[in-house]
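>>> fold the stuff below for me.
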Amino acid sequence: MCGRYLLRDQPEWATHTSWQQYWQEVSIFSPRYNIAPSQLAPIVYYDNDDILVKSMQWGFRPNWAKPSFAKINARSESFLSSKMFAHSAKHRRCLIPADGFYEPKGVDTVKSRPWYLFEQEDQSAFMMAGIWTTFDDGNESFDNFAIITSGPNQLMEPIHDRMPVILPNEYWQQWLTSNNEKGILELCKVRQWPKMTKRAVGDHAKNPRNEGKKCIENNDPINLDLFS
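Model (predicted):
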């Protein structure tokens, strides 16, 4: 599960990756501390033999879907064979720029369940794996996306049983352009990300209408000894 993420101001993004031109294009978007489903976010994608950056709506909605239908996540174990996701999984994969994401602990029926922020120690940016499609019913047309999720790594496991697939820099282009289904599945494997941290956040981030630094500030780091 990944239901909320961050894309803050990153003036040094060009130092985090060899894809400088794409980070520079992404950086024109306003900093966000609480990107939620149905909202627009920048996406890096491959189309017509070119790698492009475009704002898309979070929530995968194919043409046949009802107005209220949208899937924010797709499971890595089944997205290549799913009737809903297969075409995009094979032909329309994308990268979702982020520098942090939230995960709740506990069942979703408990409103008071705690939320945790996962981010790199230096708050550097990374890319989550995704797929995209175009909804067009003749009246409206828009591009939309879903985040690919996998099982948890050791850091995530005490909090949630799913997490976004985060791709190392050297696999970004392969994710966008590969036609090898076995290789695509291999890219979705669980990785440990030893420089990633987690810490509790308050209730402010739970409301998708809330924005700004208050979503992540004034929270103490998690005592990882509790989970050892």
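
>>> low-confidence regions, this protein specifically.
Along the chain, the parts satisfying pLDDT under 70 run over 1, 9-28, 109, 218-228.

>>> now the helices: where do they sit in it?
In the chain, the helices defined using DSSP state H lie at 20-26, 86-91, 172-177, 181-187.

>>> now the second one: buried residues?
Taking 16 or more other CB atoms under 10 Å as the neighbour-count basis, helix 86-91 is seen to contain the buried residues 88, 89. C-beta here means a position set from N, CA and C on the backbone, and glycine is covered the same way.

>>> packing partners of that helix?
For helix 86-91, the elements it packs on are strand 126-136, judged by 3 or more CB pairs under 8 Å, 6 or more residues apart in numbering; DSSP states H and E.

>>> in its sheet, what does the strand it packs on sit against?
Here strand 126-136 has these sheet partners by DSSP bridges: strand 93-98 (antiparallel), strand 141-150 (antiparallel), strand 166-167 (antiparallel).

>>> can you list contacts of the first one?
With CB atoms under 8 Å, 6 or more residues apart in numbering as the contact definition, strand 93-98 has outside contacts at 5-7, 23, 26, 41-46, 56, 125-132, 145, 147, 164, 167, 172, 175-176, 184.

>>> output it as PDB, nothing but the C-alphas.
Presented in PDB, the C-alpha positions along strand 93-98 are these (Å, rounded to 0.1, in the frame of the first residue of the first chain):
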ATOM      1  CA  ARG A  93       5.300   2.000 -17.300                       C
ATOM      2  CA  CYS A  94       6.400   5.200 -15.600                       C
ATOM      3  CA  LEU A  95       8.600   6.600 -12.800                       C
ATOM      4  CA  ILE A  96       7.100   8.600 -10.000                       C
ATOM      5  CA  PRO A  97       9.500  11.200  -8.400                       C
ATOM      6  CA  ALA A  98       9.300  11.300  -4.600                       C
END
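
>>> now it, how far from the chain's geometric center?
When distances are taken as CA atoms, centre = their mean, to the nearest Å, strand 93-98 is centred 7 Å away from the chain's centroid.

>>> can you check the second one too?
Shown here is strand 141-150, whose average C-alpha point lies 9 Å from the average C-alpha point of the whole chain (CA atoms, centre = their mean).

>>> in it, what counts as buried?
Using 16+ other CB under 10 Å as the test for burial, strand 141-150 gives 143, 144, 145, 146, 147, 148, 149, 150.

>>> which one of those residues is nearest to residue 68?
residue 144 (13.8 Å; CB to CB).

>>> test my guess that the closest one contacts residue 54.
No. Residue 144 is not in contact with residue 54 according to CB atoms under 8 Å; the separation is 11.2 Å.

>>> please enumerate the strands of this protein.
5-7, 32-35, 40-47, 50-58, 73-75, 93-98, 100-104, 115-120, 126-136, 141-150, 163-164, 166-167, 196-201 (DSSP state E).

>>> quick one: residues contacting the closest residue to residue 125 other than its chain neighbours.
Spatially, and ignoring its direct neighbours in sequence, residue 125 is nearest to residue 99 (4.6 Å; CB to CB, 6 or more residues apart in numbering). Going by CB under 8 Å, 6+ apart, residue 99 touches 6, 7, 8, 10, 119, 120, 123, 124, 125, 126.
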